[in-house]
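>>> dropping the sequence and predicted coords here.
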Amino acid sequence: MKVLFFGSNYNHTSRECLERLLKEKSLTVLVGIGNLSRGRVFYTFATAVRRYGILMVTKKLSRWAECMVSDLLKRIGLPIRQHCSLQGLAESHQIDYFFVRDINGAECHARVQKFAPHLIVVCSFGQILKPYIITLPKLGCINVHPSILPQYRGPAPAYWILKNKEKLSGVTIHFIDEGIDTGDIILQSHCKINIDETEESLGAKTTALGASMLFEAVELIRQGKVHGKKQDERDATYYSFPRIGRQVKDAGGSSAQYATGGELSADPLGNLCRDISPNFGSRSPNQARVDNESPPKTKSPSRAIPENSRQGNRS
C-alpha cells in the first residue's frame, strides 16, 4: 500500500509517527515536508512572537538549531542516536521526500497525482487540505489529533486542555473532510493528566500514543475493517491559538502576568517562571486560578467553524 505522509520537518510528533509507519516494510511511503517560502519567513516569525511570546519562540528556535546540528553530525557519520528531522529520517530509510510550500498548489497536486497514494496521512502539518487533495487517495486522508474529538478541535489543544483543568486528554485518529477536525473517527484513546503536567510533557504522552494508534489505524484501513464514527456536534468545542500575556491570580487576590513565552501546566502558578527557572516552587491548583478567558474568535481562512460548536462541555 502506498502512503503519502505530510508532516513538519522538526516536529517531534511528525517524526515519531513517521518512524512508526516506516517499521512496516509492506508500506511504500513518500514524505511531504512542510516548508515556508522565503517571503513568509519573517511574517511567520512575527506571528509566532505575537502568538507565543519571544521567550517561547527563542526556546523553539534553539531546539530547532539543536536538531539541525544533530542531523548534520549524523550525516557525517558521528554516532548520534537518531535523526531529529523528517528529512533525516527519510534519508536514513532511503525513501523519497519533497518539500511542500503549498499543499494545495499545482506543484504539490501534480506530485500527489504522480505518486497515486492509496492513503494520505497528516500529522502536525500546519496546512489545510482542500477537497481536490482530500479526494485523490482512494482510501481517504487521515489525521492525528491530540485531543478527544469532538472536544478541543483546533490548532493548540494541549494549552486549552490544561488551562481548563481537564483530568483526561488523549488522541483521535480521524478521516479528514472539509471541516476543521470534523471528520469521522477511526480510533480514540485517553491518557491521564498529572498534577504537574505541562504542555511539553502532555505532548510527549500524546505523541507516543498517537504513533502507536496511527499504525493500528493504517492496518485497519488496509484490511478494510474501518467504519468511521460520526462526531457528535452537540459536544463539539473549537479553540484557536492562545494569546500571550494572560493574568494569573492567587487565592489572596493579588495578580501577576503570565510569563511571556511560559509553558502552561496543570498547575497555573507554577508556569509563571518554570521556563526561566525549572525549580520554581509552584502551588497546587486549589491555591490558584487562571482568570476566565474566552478563546480567540479566529476562523480558518478556508474552513468555517461549525455554528453549533460550543465551549461548555468537559470530559
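All right, it came through fine. Numbers count the residues shown, from 1 in each chain.

>>> what ranges does the chain have for its strands?
2-8, 28-34, 97-100, 119-123, 141-145, 168-175, 185-192, 247-250, 255-257, 288-290 (DSSP state E).

>>> how much space between residue 187 and residue 178?
Computed as Cβ to Cβ, to the nearest Å, the residue 187 to residue 178 distance reads 21 Å. Heads up, the C-betas are built off the backbone N, CA and C, glycines and all.

>>> burial of residue 234, as a residue count?
Residue 234 has 10 neighbouring residues, counting by other Cβ atoms under 10 Å.

>>> now do the same for it: its pLDDT.
If you check residue 234, the pLDDT there is 95.

>>> how about residue 89?
90.

>>> which residues touch residue 213?
144, 171, 173, 187, 189 (Cβ atoms under 8 Å, 6 or more residues apart in numbering).

>>> same thing but at 7 Å, please
171, 173, 187, 189 (Cβ atoms under 7 Å, 6 or more residues apart in numbering).

>>> which residues does the second one bridge with?
It stands for residue 173. When bridges are called by DSSP bridges, residue 173 pairs up with residue 144, residue 187.

>>> so it versus residue 147, what's the distance?
12 Å.

>>> and those two? Which one has more around it.
Shown here are residue 173 and residue 147; by other Cβ under 10 Å, residue 173 has more neighbours (27 against 24).

>>> local confidence estimate at the more buried one?
98.

>>> residues touching it, list them.
Taking Cβ under 7 Å, 6+ apart as the test, what residue 173 contacts is 142, 144, 186, 187, 213, 214, 217.

>>> what about 10 Å?
Applying Cβ atoms under 10 Å, 6 or more residues apart in numbering, one finds that residue 173 lies in contact with 121, 123, 142-145, 149, 183, 185-189, 210, 213-218, 220-221, 226.

>>> before we move on, the earlier item: mind putting the strands of the chain into CSV with distance to residue 77?
CSV is the format used below for the strands of the chain (distance: least, Cβ to Cβ, whole Å):
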stretch, distance to residue 77
strand 2-8, 26
strand 28-34, 23
strand 97-100, 21
strand 119-123, 29
strand 141-145, 33
strand 168-175, 36
strand 185-192, 38
strand 247-250, 49
strand 255-257, 48
strand 288-290, 49
